[in-house]
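Peer 1: Following is a predicted model, sequence given first.
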Amino acid sequence: MKKFGIFLLLIAALIACGEAPATNLDPIEPLPESGDNADSLNQTDTAVSTTSTSVPASSETVSEEGAPVTSDEPQPPENGEATAPAEESNIESAVDPANEAKAAVAATPEPIVEETMVEVVAEFESQLDEALKAESGSDLAFGGFETVETRSISMVDGSELLVSYSVGFRPFEPLQNHFVLLTQPAENGWIELGRIELDFPDIMFPDSLTLLEENGRLWLQVASGVGAHGGCYDALLWDGTALTSSISHCHSSPAGAGKLEDLNGDGQIDALLNNTNDYIFCYACSVRLPSYEVRTFNGSFWETKSLATIETGDETAVNLNNEAVALANAGLWQDASLTLVELNSDDPTVVWNQVIVGIY
C-alpha cells in the first residue's frame with residue numbers, strides 16, 4: 001500500500017513540472033513540420049546563437065553561405081568619435097536630371113503680370129501730380145491746374161506712348177503755361193520724350209488734344225481758348241526722336257483757328273489757318289472779312305501757298321488760270337471759282353489755285 005502511494009506522488013510531481021507558465025507574449029506562429037524549411041530554420045537558429053555570443057566589430061553580418069553582407073543602417077564609429085549628421089541637400093537633384101529641372105524652375109521667379117494701361121495711366125498721373133506741385137510750389141492738385149488728361153497712343157511700330165496735357169484755366173499767380181508732355185512707359189518708370197509749354201492758351205479742355213498720324217509722323221493738335229472769346233491752335237510734331245512745336249496760331253473766334261488736312265490730295269499734310277477779320281463793325285455784328293493762310297509740309301518745314309499765275313503751257317489754261325487769279329485778288333471769289341471750273345489741269349499751280357479759291 002505504501003508503494004502505491006509513493007507511485008501516485010511521483011506521477012503528480014511529473015504532471016506539475018510539465019505545465020507551461022502563463023505569459024503575455026504574442027502567439028507564436030507554428031513551426032514548419034518538415035522538409036527544407038525545417039533545415040533552414042535550424043541553420044538560422046544556429047547562426048543566431050553564434051552571433052549572440054560574438055558580435056562583429058564592423059557592420060558586416062554573415063549570411064547562410066558565409067559571405068559578408070553590409071547593413072544599410074548607420075553603424076556607430078569604431079573609434080567612438082561623434083560624426084556630424086548628413087546634410088539634407090539636393091542630392092537627388094545632382095543625380096537625377098529631372099530633379100535638376102524641377103529645382104531650376106522653382107528657383108526662377110514667376111514673370112510679373114503686365115499692368116493694364118488704365119493702371120499705368122493712373123499711376124503716371126499720380127506721380128505727375130506730385131511733380132507739378134513741386135514745380136509750382138503749390139499744394140493744389142496738379143500744381144494749380146484743374147486736372148491733367150492722359151491717354152495712351154498705340155504706334156504703328158507696336159510701341160506704347162503716353163500723352164498728357166493740362167486742363168482747365170491756367171494759374172496766374174504765379175503765371176503758369178499749359179503744357180503737353182509725351183512719355184513712354186519703361187521697366188522702372190517712364191521716359192520723358194518731350195515737353196512743350198504753350199505760351200498763349202488760357203484754358204484747355206479734356207478734348208482739346210487730337211492726334212493725327214501721317215507718313216510715320218505723329219501730329220498732336222491742340223485747340224484752346226484765350227482771352228474773352230478767342231481761340232488758339234498748336235500743332236506739335238513727334239518725328240520719332242524729338243517733340244517740337246510746329247505751328248502756334250491764335251484767332252479772335254473761339255473755334256476754327258486752324259487744322260491739319262491734305263488739302264490738294266497729294267498725300268502730304270497741309271495746314272489751314274484762320275485769319276478772318278471779325279471786327280469789321282463789331283464782333284457781334286456778323287460782318288466778317290474772310291482771310292486764310294495755307295501751308296504745306298515738305299517733310300522738313302512748312303511752305304506757304306498763295307494764288308499764283310502761270311506763264312507756260314496750254315494757252316487756254318494759262319488765260320483761264322490767270323483770269324481767275326485776278327478775280328480772286330479783287331475779292332470776286334465766286335467769279336474766280338466759276339472760271340477755274342472750266343480748267344481740267346494737273347498743273348500743281350492750277351491745282352493749288354483751285355484749292356485756295358474753293359476755301360473762300
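Peer 2: Looks like it came in fine. Source: prediction; values computed, not measured. Residues are numbered from 1 along each chain as shown.
Peer 1: can you give me the strands for the stretch 251-360 of the chain?
Peer 2: For the stretch 251-360 of the chain, the strands defined by DSSP state E, counting those that start in this stretch cover 258-261, 270-274, 292-297, 302-305.
Peer 1: tell me which residues in stretch 247-262 are buried?
Peer 2: Across stretch 247-262, burial judged by 16 or more other Cβ atoms under 10 Å covers 247-252, 254, 257-260. Placement of C-beta: from N, CA and C, glycine included.
Peer 1: Turn the residues you listed into a markdown table, columns for distance to Ser159 and pLDDT.
Peer 2: Below are the buried residues of stretch 247-262 laid out as a markdown table (distance: Cβ to Cβ, whole Å; pLDDT from 0 to 100):
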| residue | distance to Ser159 | pLDDT |
| --- | --- | --- |
| Ile247 | 25 | 97 |
| Ser248 | 27 | 97 |
| His249 | 30 | 97 |
| Cys250 | 33 | 96 |
| His251 | 35 | 95 |
| Ser252 | 40 | 93 |
| Pro254 | 35 | 86 |
| Ala257 | 31 | 95 |
| Gly258 | 28 | 97 |
| Lys259 | 27 | 97 |
| Leu260 | 22 | 97 |
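Peer 1: Just flag the most distant two among the residues you listed.
Peer 2: Distances among these were taken as Cβ to Cβ; the most separated pair is Ser252 and Leu260, at 21.0 Å.
Peer 1: shaky segments in the protein?
Peer 2: Residue ranges of the chain with pLDDT under 70: 1-115.
Peer 1: quick one: contacts of the helix or strand Gly225 falls within?
Peer 2: If you go by DSSP states H and E, Gly225 is part of strand 217-226. For strand 217-226, contacts defined as Cβ atoms under 8 Å, 6 or more residues apart in numbering pick out 153, 155, 163, 165, 178, 180, 182, 198, 200-205, 208-213, 231-240, 243, 246, 250, 254-255, 257, 259-260, 269.
Peer 1: what about burial for those, which qualify?
Peer 2: The neighbour-count criterion (16+ other Cβ under 10 Å) marks 153, 163, 165, 178, 180, 182, 198, 200-204, 208-209, 231-238, 243, 246, 250, 254, 257, 259-260, 269 among those as buried.
Peer 1: Return the subset of the residues you listed lying in strands.
Peer 2: In strands, defined here by DSSP state E, the members of the buried ones among the contacts of strand 217-226 are 153, 163, 165, 178, 180, 182, 198, 203-204, 209, 231-238, 243, 246, 250, 259-260.
Peer 1: for the longest helix seen in the chain, packing partners?
Peer 2: What stands out as the longest helix in the chain, according to DSSP state H, is helix 117-136. On a contact count with 3 or more Cβ pairs under 8 Å, 6 or more residues apart in numbering; DSSP states H and E, helix 117-136 meets strand 147-154, strand 160-169, strand 178-186.
Peer 1: of those strands, which approaches Ser306 most closely?
Peer 2: strand 178-186 (30.5 Å).
Peer 1: Check the gap between Ser246 and Arg217 for me.
Peer 2: From Ser246 across to Arg217, the span is 10 Å (Cβ to Cβ, to the nearest Å).
Peer 1: before we move on, the earlier item: out of the strands of the stretch 251-360 of the chain, deepest packed?
Peer 2: Comparing the strands of the stretch 251-360 of the chain by mean neighbour count (mean count of other Cβ atoms under 10 Å), strand 270-274 comes out on top with a mean of 21.
Peer 1: and that strand, which strands flank it?
Peer 2: Looking at strand 270-274 with DSSP bridges, its partner strands are strand 258-261 (antiparallel), strand 292-297 (antiparallel).
Peer 1: who's in contact with that strand?
Peer 2: Residues from elsewhere that reach strand 270-274 (Cβ under 8 Å, 6+ apart): 233, 235, 247, 249, 251, 253, 256-264, 291-297, 302, 305, 359.
Peer 1: one more time with 6 Å, if that's ok
Peer 2: 247, 249, 251, 256-261, 263, 293, 295-296 (Cβ atoms under 6 Å, 6 or more residues apart in numbering).
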